[in-house]
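Q: output the structure for:
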Amino acid sequence: MPRPSTGVSITNMGTNTQGASTADRELLREEQQAQQDAAQEKQRIAQQEAEIRNLPPEPDIEFQYFVAGTLGYPLQIFGHDLFHNMPSTFAPLDRVPVTPDYLIGPGDELVIHAWGQIDVNFRATVDRTGSIYISKVGPISVAGVRYDQLDEHLRAAVSRVFKNFNITATLGRLRSIQVFMVGQVRRPGSYTVSSLSTLVNALFASGGVSKRGSMRNIVLKRQGKEITRFDLYDLIVRGDTRARTYSSFPETSSTFRRWAISWRWPEA
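A: Model (predicted):
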């Protein structure tokens, strides 16, 4: 039995004159776009893997020559072969369940449904100010809101205008984040990764740490300030995968997109 509506109806899925057929066409269009996006992402990952495999081998560093002279045979840097064949499983994934601590930011798409006094079937993309706009309600700031608190946040905002309703929200397309890989890395430069990506994802995308860098002192910075440090040996030796996604780090409303990751030798 359909839910009765006693108030305002808001939708951006089509017009009422064409009914369900418009919504069906919109859904089909979204599925086709999702398939195209997935194919492009798969092609980009394959090209990225090929570029990393074709990187020329690095020459040994002075310390390796010293060890070889002492032991009588060359010794590889521990954990460095992890980057020789980048597995596609480390590629950032967009269409996976979003973790509860995911922070909403500009570029994220929200799929909002409500019923009761207000009848909503609505898709909204968070703008650069960190807000969405719902007709009859007005702008709602959602930047920095945790995913597991999104329903309650929207409910509190809409309840200022309407009563006797239920509302749920999920995430559609997720935003991308620009990351600058600098320091002793095989392929330094700018990378665009999913907001679900972790430090490990960005590390594999760049070809890994060079022989002259340290895998024990990976630094994530934003606006010149250090956000966190990561020891890759925690992953290699202990299987520690607690490197958080970029979206889960504390943010301000105007700084969601640009990060810098650097490699350097640990301080003495």
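
Q: where does the spatially most central residue of the chain land on pLDDT?
A: Against the mean C-alpha coordinate of the chain, by Cα atoms, centre = their mean, the closest residue is residue 195 at 1.3 Å. Model confidence at residue 195, expressed as pLDDT, equals 82.

Q: going forward can the numbers begin at 56, since that is how I track them
A: Sounds good: first residue 56 from here, last item residue 250.

Q: surely it meets residue 233?
A: No. Contact criterion Cβ atoms under 8 Å: residue 250 and residue 233 do not qualify, at 11.0 Å. All C-beta spots, glycine's among them, are computed from the backbone N, C-alpha and C.

Q: look up phi and psi at the residue nearest to the centre of the chain.
A: phi -70, psi -10 (degrees, to the nearest 10).

Q: next: residue 118.
A: Dihedral pair for residue 118: phi -60, psi -40, per degrees, to the nearest 10.

Q: count the neighbours of it for me.
A: Residues near residue 118, counting by other Cβ atoms under 10 Å, number 12.

Q: list the contacts of it.
A: Going by Cβ atoms under 8 Å, 6 or more residues apart in numbering, residue 118 touches no other residue.

Q: how much space between it and residue 137?
A: 19 Å (Cβ to Cβ, to the nearest Å).

Q: next: residue 162.
A: Here residue 162 is placed at a distance of 31 Å from residue 137 (Cβ to Cβ).

Q: helix, strand, or coil at residue 235?
A: Of the three states, residue 235 takes strand according to DSSP: H, G, I helix; E, B strand; the rest coil.

Q: thought it was touching residue 248?
A: No. The criterion here is Cβ under 8 Å, and residue 235 misses it with residue 248 at 11.3 Å.

Q: compare these two (neighbour count), which wins?
A: Ranked by neighbour count (other Cβ under 10 Å), residue 235 and residue 248 place residue 248 first, with 19 against 15.

Q: quick one: what helix or strand has that one in it?
A: Using DSSP states H and E, residue 248 sits within strand 244-249.

Q: list the buried residues of that strand.
A: By neighbour count on 16 or more other Cβ atoms under 10 Å, the buried set for strand 244-249 is 246, 248, 249.

Q: before we move on, what about stretch 228-247?
A: For stretch 228-247, by 16+ other Cβ under 10 Å, it's 228-232, 234, 236-241, 243, 246.

Q: could those residues be laid out in a markdown table, adding distance to residue 129?
A: Below are the buried residues of stretch 228-247 laid out as a markdown table (distance: Cβ to Cβ, whole Å):
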| residue | distance to residue 129 |
| --- | --- |
| 228 | 48 |
| 229 | 44 |
| 230 | 45 |
| 231 | 41 |
| 232 | 39 |
| 234 | 34 |
| 236 | 28 |
| 237 | 29 |
| 238 | 25 |
| 239 | 20 |
| 240 | 23 |
| 241 | 20 |
| 243 | 26 |
| 246 | 32 |
